[in-house]
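Sharing a sequence plus its predicted fold:
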Amino acid sequence: MIVYSLDDLSLREIKAIRTSLNYIPITGIDATFIAVLQNKINTQLVEVETHIAQEGRIKQDLLQEAIENNPKSNTPKRGKKP
């Protein structure tokens, strides 16, 4: 069996595909196939959302580190007494 990848899909597109699987008619042998497909897509959604959350935390940590290491950020702001 050859496996193909859909790497260029956005999170929104993946969610749309997953949602659409709830509305197609499932009968007989197709039920197992669709259930497996739903599970695979759910797994991919969790991985993508986890990756996005991790990247957001990394960016936030880097920003906080840059602010803390910036000597200008330690000087008093205008209008405020030190």
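Alright, I've got the coordinates.

can we go C-alpha only for contacts and neighbour counts from here?
Will do.

Quick one, grab the pLDDT at residue 37.
If you check residue 37, the pLDDT there is 90.

What residues sit buried inside whichever helix or strand it is part of?
In the assignment (DSSP states H and E), residue 37 maps to helix 30-69. Neighbour counts over helix 30-69 (16 or more other Cα atoms under 10 Å) mark 34, 38, 41, 45 as buried.

Distance to residue 68 for those - can I get that in CSV?
Below are the buried residues of helix 30-69 laid out as CSV (distance: Cα to Cα, whole Å):
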residue, distance to residue 68
34, 51
38, 45
41, 41
45, 35
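
Between these, which sits nearest residue 66?
residue 45 (31.6 Å; Cα to Cα).

how near is that closest one to residue 53?
Distance, residue 45 to residue 53, using Cα to Cα, to the nearest Å: 12 Å.

Residue 69 now?
Distance, residue 69 to residue 53, by Cα to Cα: 24 Å.

Let's check: the centremost residue of the protein is which one?
Residue closest to the average C-alpha location in the chain (Cα atoms, centre = their mean): residue 49, at 2.5 Å.

pLDDT wise, what is that residue at?
pLDDT, read off for residue 49, is 90.
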